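> Quick one, what's the 3D model for this:
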Amino acid sequence: MHDERHRIEGRVERVHTQRVKPALYAATVPLTVEAWHAPGEPVPFAQAAAAPYEPFARNTPWGPPWGTTWFRMRGQVPAAWAGRRVEAVIDLGFTGAGPGFQAEALVHLTDGTPLKAVNPFNRYVPVARRAAGGEEIDYLVEAASNPDILADGFARPTPLGDRRTAGDTPLYVFRGADLAVLDEPVWHLDLDLCVLRELMAELGEHEPRRHEIAHALDRAMDALDLDDVSGSAPAAREALAPVLAKPAHASAHTVSGVGHAHIDSAWLWPLRETRRKTSRTFSNVTALAGEYDDFVFACSQAQQYAWVRDHYPQVWEGIRKAVDEGQWAPVGGMWVEADGNLPGGEALARQLVHGKRFFLEHFGIETKGVWLPDSFGYTAAYPQLAKLAGNEWFLTQKISWNQTNRFPHHTFWWEGIDGTRIFTHFPPVDTYNAALTGEEMARAVRNYREKGGGTRSLAPFGWGDGGGGPTREHMERARRLADLEGSPKVVVEHPDAFFAKAREEYPDAPVWNGELYLELHRATYTSQARTKQGNRRSEHLLREAELWATTAALHTPDHAYPYETLDRLWKTVLLHQFHDILPGSSIAWVHREAEAEYARVAQELEALTGEAIAALGEGSGLRVFNTSPYDRAEVIRTPGGAPVWTTAPANGSAPLEAPAGSPRPRPVTVTERVLDNGMVRVRLADDGTLASVHDLRSDREVLAGPGNLLRLHTDLPNYWDAWDIDRHYRNRFTELPAAESVTVVAQDPLVGAVRVERAFGNGSRIAQTITLRAGSPRVDFETEIDWHEAEKILKAGFPFDIRAPHSSAEIQFGHIQRPTHTNTSWEAARFEVSGHRWVHIGEPGYGVAVLNDSTYGHDVTRTVRDDGGTTTTVRLSLVRAPRIPDPEADQGLHRFTYALLPGAGIEDAVAEGYALNLPLRVARAAGAPDPVVSVDGRGVTVEAVKLADDASGDVVVRLYESRGGRATGTLRTGFPLGGAQVTDLLERPLEPADTDGDSMPVALRPFQVLTLRLTVDRNRD
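Residues are numbered from 1 along each chain as shown. Have a look, this model is predicted:
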């Protein structure tokens, strides 16, 4: 047989694109269109319905950036169309940009009922499956003229990311709105051709199946009358039926498809636009569920459901119906798809609590898995927290974006820092927005790394980010690929069903231990520093408010615990932990609003804490309130500014002045540029760097070179400016110039401080107050930066005379060790990593910690000096200056503190990390009651104290083991203890706990998280 592949393939391509696709709609009539341009921000439907509309013609420009135009579209189905499938087809002027990154619209009936969205690849609105003829059409269409921030591939900064700078030039040209007859035989022929052509292209030229499909396509073209595509489409389909009917191989891979529409809760659009995006996409999904009874849609992020519930009640009812019918699958069990590294431990727990509880309360559904396809790496604390929230599986896809190393598994057991394992899957299709194309199906099979062990993978399909979600074309593809020779078998099913089958067939899947580090997007640990600082401060203020509100509620009958306020504030903080807000990768509008929101949260939480402390009783003296889980003895400043030595118990209160006769620390001496408190001696060089940090307790010099060395690096990654920091940033830098001034600003027996000021770069300034207090080896660097750089990163380096084989960085409920060497590409790829309140390095017998109150990014390197000694350098990433997508990212004033803690073990790092982030609070109050809970036992650390969410009055305490070893101790209550239960994160009982009066024993394995529910014995109040 002669080889006619090229002739056939060329013929089919031309006929398909130039004859079949243009014939999808057999007839059209234009709708009458009028428009009203809403001024400013979006308006409610009732206001839009009452607005004055004016005629609007095709090819008319419309839509300034972030604007809203309401279109009124009216028409009548021609009588001649009786019996035909009729749709309204709307083209807002869609561009070549991706769906979700341009104009979108929601179509309403005149009574306000949302019907369906209009998107670039989903432009139709059903009118009648079988028209009677004469139907009147009257729609109100809310169209959003969202700009394409992705234009030019992030090649240059754009002012479009904030309404204040975006201008008012129209972005789109309205192309028209028509009533149209969908020619169903042609539409099905189009889909047949798509599936077979794509499958054929993926088969090898030596494959008989490829040639079989080619000749069937050739015969179909022969059967198609190009002058009557509509009339001959059934004959062409009949020619293709035999090749579409051939079943898949017995050993074919199975792809579990599930509808999906990953919608970033904010990113290249503000939060207010996400609320509208969810309404549009969810309207599409509920409409599609009505068309296809085999359709299943997976949707995460309880926050987005709550928006629809509150703002689009008819869409919400459609969701509830689809859930009841098994076509809508709530998944993920989190409030939002949060960043996977930066939220604190308690915040990550609350993400799971609030997400799971929402789905239980509104749908009666216990979600079984964590669904995080797009976050930028995943903490090794996740397996334990996921299991403690009642989850059985974990899904992500993002690790396939690794720059350097290909992850070795697609289905595996992920083991966390405490030893908990959770069944995990990475879809080998390598996208969470699949279209079920032939190329994607072949890619899934080709990539799948569990061949011989497993036989199935997951493929979430649908247009995300407001692109409209799954379409009827996706479902038609799935039906054709259900059992088709040469292709994997596609079954549309709930993710729970997929995970159950995958685990059953592959119970001995391999194990991955530790964090899932993404070898990309490393700059998200640093970008938009004020957003990160707002998050860190909010997390700690929430801890304070809960502790002192609990204390007041237990001991002051008239003080009501602020359940609703705390719930609302937690959800605000959790929302802003979304994986494009907290990482700093959103447009200016998003971060401007986030900073304002954090300020409001702080104000409310400060008020709650103040009210709770005041409720404990007024007194004539000042007291200190310690929210930290560790006893404190330190110097603080009184409201009048004078330093005072004070002590306070963990989670408790004490008089401001330490009791007479209690030990007092040695005084601080300050001589020129030397600070000495008898524990540590710090000497500054003339240029303002640290020339020496001498640990007097061990008679050891800590530094191996200039300390607090500030370097300004050129920081232009290859792509993804706000997200990425590439290794080559290290190759070009300038050390900040010598200080303009080095001035002693505190010379007191309790506090010594030197202020160092510098000017640098493009008009930037940095002022640092280096402080040493009596009784503490901690050296604080209170920093104020007026930042005006572009495409730079500022690092603060500490070269330590320590041979550290690894660094330890705090993560949620524990810490993780990372090698300081680069033996393999896996270690070399970790040239920038994240940590929370501290990073620690050490050698046997000695260690040092670097603490912070707001930053996360850092790097640790190791070199050998000429004298044979080893220098291990810790460098904090202080502030960046990316210009995309926010051209003014991080510009302006920053205030934060980091600290050096010489002679520190892990326990010291943990305690001082809490201390730096939870400063002692001073208030005028009467003698406070005993702490709600106190704990003895090394490593047993209290993370949260609160009243139970069910308003029962029970006290909930969350503990964890913080050293990385086994821990035992005793928990004592400051209230009459009636009983105790171990619970899951949702405060549901797991097992009873032994008590002994008002105390109970506690035993924890390394990094174990333990939640206790304590009953108050009201008979002993």
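
> Please count neighbours and contacts with C-alpha atoms only from this point.
Noted.

> quick one: contacts for Ala951?
Tyr563 (CA atoms under 8 Å, 6 or more residues apart in numbering).

> which element is it on?
Ala951 belongs to no helix or strand when elements are defined using DSSP states H and E.

> how about the helices in the stretch 851-1000 of the chain?
Applying DSSP state H, counting those that start in this stretch to the stretch 851-1000 of the chain gives helices spanning 906-917.

> same deal with the stretch 201-350 of the chain?
208-223, 229-245, 271-291, 302-311, 313-324, 345-363.

> possible to save these as JSON lines with distance to Trp570?
JSON lines is the format used below for the helices of the stretch 201-350 of the chain (distance: least, CA to CA, whole Å):
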{"stretch": "helix 208-223", "distance to Trp570": "57"}
{"stretch": "helix 229-245", "distance to Trp570": "53"}
{"stretch": "helix 271-291", "distance to Trp570": "17"}
{"stretch": "helix 302-311", "distance to Trp570": "12"}
{"stretch": "helix 313-324", "distance to Trp570": "23"}
{"stretch": "helix 345-363", "distance to Trp570": "8"}
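
> Would you reformat those helices as JSON lines and include mean pLDDT and mean neighbour count?
Below are those laid out as JSON lines (pLDDT from 0 to 100; neighbours: other CA atoms under 10 Å):
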{"stretch": "helix 208-223", "mean pLDDT": "97", "mean neighbour count": "19"}
{"stretch": "helix 229-245", "mean pLDDT": "98", "mean neighbour count": "19"}
{"stretch": "helix 271-291", "mean pLDDT": "98", "mean neighbour count": "23"}
{"stretch": "helix 302-311", "mean pLDDT": "98", "mean neighbour count": "19"}
{"stretch": "helix 313-324", "mean pLDDT": "98", "mean neighbour count": "18"}
{"stretch": "helix 345-363", "mean pLDDT": "98", "mean neighbour count": "21"}
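
> Which among these is found nearest to Leu189?
helix 229-245 (5.9 Å; CA to CA).

> Using CSV, write out every CA atom in that closest one.
Taking Å, rounded to 0.1, in the frame of the first residue of the first chain, the C-alpha atoms of helix 229-245 are listed here in CSV:
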residue,chain,number,x,y,z
VAL,A,229,-22.1,19.6,5.5
SER,A,230,-25.2,19.5,7.7
GLY,A,231,-27.0,17.0,5.6
SER,A,232,-24.0,14.7,5.1
ALA,A,233,-22.6,14.8,8.6
PRO,A,234,-24.5,11.6,9.7
ALA,A,235,-22.9,9.7,6.8
ALA,A,236,-19.5,10.9,7.7
ARG,A,237,-20.0,9.9,11.4
GLU,A,238,-21.2,6.5,10.2
ALA,A,239,-17.8,6.0,8.4
LEU,A,240,-16.0,6.8,11.7
ALA,A,241,-18.2,4.6,13.9
PRO,A,242,-16.1,1.4,13.5
VAL,A,243,-12.8,3.0,14.6
LEU,A,244,-14.6,4.7,17.5
ALA,A,245,-16.1,1.5,18.7
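
> Off-centre distance for it?
47 Å (CA atoms, centre = their mean, to the nearest Å).

> Then stretch 545-565?
Relative to the centre of its chain, stretch 545-565 is centred 31 Å away, using CA atoms, centre = their mean.

> what do you get for stretch 594-601?
With CA atoms, centre = their mean, you get 18 Å for stretch 594-601.

> on that earlier part again, looking at the helices of the stretch 201-350 of the chain, spot the one closest to Pro717.
helix 271-291 (27.4 Å).

> the inter-axis angle of the closest one versus helix 313-324?
50 degrees (axes from the mean of the first three to the mean of the last three CA atoms, to 10 degrees).

> elements contacting helix 271-291?
The helices and strands touching helix 271-291, judged by 3 or more CA pairs under 8 Å, 6 or more residues apart in numbering; DSSP states H and E, are strand 104-109, strand 114-118, helix 302-311, helix 313-324.

> Indicate which one of these is closest to Val601.
helix 302-311 (17.7 Å).

> tell me how far that closest one is from the chain's mean position?
Centroid separation for helix 302-311 versus its chain: 18 Å, with CA atoms, centre = their mean.

> repeat for stretch 49-57
That offset, for stretch 49-57, works out to 40 Å (CA atoms, centre = their mean).

> How about residues contacting it?
Contacts with stretch 49-57, where a contact means CA under 8 Å, 6+ apart, come from Val33, Glu34, Ala35, Trp36, Phe71, Arg72, Thr110, Leu140, Phe174, Gly176.

> for stretch 633-642, same thing?
643-648, 750-751, 773-776, 920, 922.

> let's see 7 Å
Identification of contacts with stretch 633-642 by CA atoms under 7 Å, 6 or more residues apart in numbering yields Pro643, Val644, Trp645, Thr646, Thr647, Ala648, Leu750, Arg773, Ala774, Gly775.

> can you check stretch 872-886 too?
Residues lying outside stretch 872-886 but in contact with it, judged by CA under 7 Å, 6+ apart, are 154, 157, 161, 526-527, 529, 586-588, 721-722, 789-804, 855, 857-863, 889-890.

> Surely Gly161 touches Val590?
No. Gly161 is beyond contact range of Val590, at 8.6 Å (criterion: CA atoms under 7 Å).

> the more surrounded of these two?
Gly161 (28 against 25; other CA atoms under 10 Å).

> Would you mind measuring from that one to Ala915?
Distance, Gly161 to Ala915, by CA to CA, to the nearest Å: 38 Å.

> next one: Gly688
Relative to Ala915, and taking CA to CA, Gly688 is found at 26 Å.

> who has more neighbours, the two?
Regarding Gly688 and Ala915, a neighbour count based on other CA under 10 Å identifies Gly688 as having more, with 27 against 22.

> pretty sure the more buried one is in a strand, no?
No. According to DSSP: H, G, I helix; E, B strand; the rest coil, Gly688 belongs to no strand; its state is coil.

> can you give me phi and psi for it?
phi 100, psi -10 (degrees, to the nearest 10).

> Start at 22, not 1
With 22 as the first residue, the last one maps to Gly709.

> Quick check: chain neighbours aside, which residue is closest to it?
Sequence neighbours aside, Ala760 is the residue nearest to Gly709 in space, at 5.5 Å (criterion: CA to CA, 6 or more residues apart in numbering).

> just Met700 next, same as before
Per CA to CA, 6+ apart, closest to Met700 is Leu717, 5.1 Å.

> Helix or strand: which one has Cys215?
Cys215 belongs to helix 205-223, assigned by DSSP H and E.

> what do you get for Glu461?
Judged by DSSP H and E, Glu461 forms part of helix 459-468.

> Check which residues of that helix are buried.
Of the residues in helix 459-468, Gly459, Glu461, Met462, Ala463, Ala465, Val466 count as buried by neighbour count, 16 or more other CA atoms under 10 Å.

> For those, could you give me JSON lines that also reports distance to Arg32?
Output for these, formatted as JSON lines (distance: CA to CA, whole Å):
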{"residue": "Gly459", "distance to Arg32": "19"}
{"residue": "Glu461", "distance to Arg32": "24"}
{"residue": "Met462", "distance to Arg32": "25"}
{"residue": "Ala463", "distance to Arg32": "24"}
{"residue": "Ala465", "distance to Arg32": "29"}
{"residue": "Val466", "distance to Arg32": "29"}
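
> if we can go back for a sec, so which of the contacts of stretch 654-663 is the most crowded?
Ranking the contacts of stretch 654-663 using other CA under 10 Å puts Arg794 first, with 29 neighbours.

> about what we covered before: drop anything exposed from the contacts of stretch 893-907.
Using 16+ other CA under 10 Å, the buried members of those are 178, 182, 547-548, 550, 607-609, 742-743, 810-825, 876, 878-883, 910-911.

> Can you flag which of the residues you listed belong to strands?
813-821, 878-883 (DSSP state E).
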